[in-house]
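>>> need coordinates for the following:
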Amino acid sequence: MEDFTRALADFVRDHQVWAAPIVLLLAFGESIAFISLVVPAWGALVAIGALIGVSGISFWPVWLAGGIGAALGDWLSYWFGFRYKEHVAEMWPLSRYPGILERGEVFVKDWGVPSIFIGRFFGPLRASVPLAAGIFEMPYWQFQIANFVSALVWSAVLLLFGDVMALIAGWLWRAV
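Predicted structure coming up:
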């Protein structure tokens, strides 16, 4: 996975016009149920964030693309859970890891709308919370508002984390 992240960051550095579409796809994949368990993309998002300050990539389009991709992934997971309620637990990979959906259910029932925001920042919950919200019929507009706001915050946090780490590394490199 580390080689993939490095190759993707190199590609974005060399072809900056592709930064926003790639970030949109990575955020979508990181946020959609099932896919996020197989292809974690947060490392690549942080690496692309590191390129923002050092290569001149504009933050705003990349940030919006990340937020939109993450929100669309969660929206699709919500819809899937809402549409296929009874059958979701029987599908791979959830059939092999039933605890993920159960944790998502407990989390959504205990926390309600804030669970969407909180779940966005925690690995396995990131994809299972929207799925559970759909299965247990969280009101659509409440979900969508929390979904889009949290997606934009999440995208900013990952990209800015990478940007700040690159600035610190550059500062340390010059200081040594």
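
>>> in whichever helix in the chain runs longest, what's buried?
Longest helix of the chain, by residue count under DSSP state H: helix 140-175. Using 16 or more other CB atoms under 10 Å as the test for burial, helix 140-175 gives 143-144, 146-148, 150-152, 154-160, 162-163, 166. Placement of C-beta: from N, CA and C, glycine included.

>>> could you do stretch 129-143 as well?
For stretch 129-143, a neighbour-count test (16+ other CB under 10 Å) marks 129-135, 138, 143 as buried.

>>> any stretches of this protein with poor pLDDT?
Regions of the chain meeting the criterion pLDDT under 70 cover residues 1, 37, 124.

>>> how many neighbours does Glu91 have?
No, residue 91 isn't Glu; it's Met. 13 (other CB atoms under 10 Å).

>>> who does the helix or strand where Gly53 lies touch, helix- and strand-wise?
Element membership of Gly53, judged by DSSP states H and E, is helix 42-55. Packing partners of helix 42-55 (3 or more CB pairs under 8 Å, 6 or more residues apart in numbering; DSSP states H and E): helix 2-14, helix 19-31, helix 59-83, helix 140-175.

>>> mind checking those helices for the one nearest to Gly53?
The minimum distance between Gly53 and the helices and strands packed on helix 42-55 falls on helix 140-175, with 4.6 Å, by CB to CB.

>>> check which helices and strands that closest one is in contact with.
Judged by 3+ CB pairs under 8 Å, 6+ apart, helix 140-175 is in contact with helix 19-31, helix 42-55, helix 59-83, helix 114-119, helix 123-135.

>>> circling back: will you turn the helices and strands packed on helix 42-55 into a markdown table that also has distance to Gly43?
Formatted as a markdown table, the helices and strands packed on helix 42-55 follow (distance: least, CB to CB, whole Å):
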| stretch | distance to Gly43 |
| --- | --- |
| helix 2-14 | 5 |
| helix 19-31 | 10 |
| helix 59-83 | 14 |
| helix 140-175 | 9 |
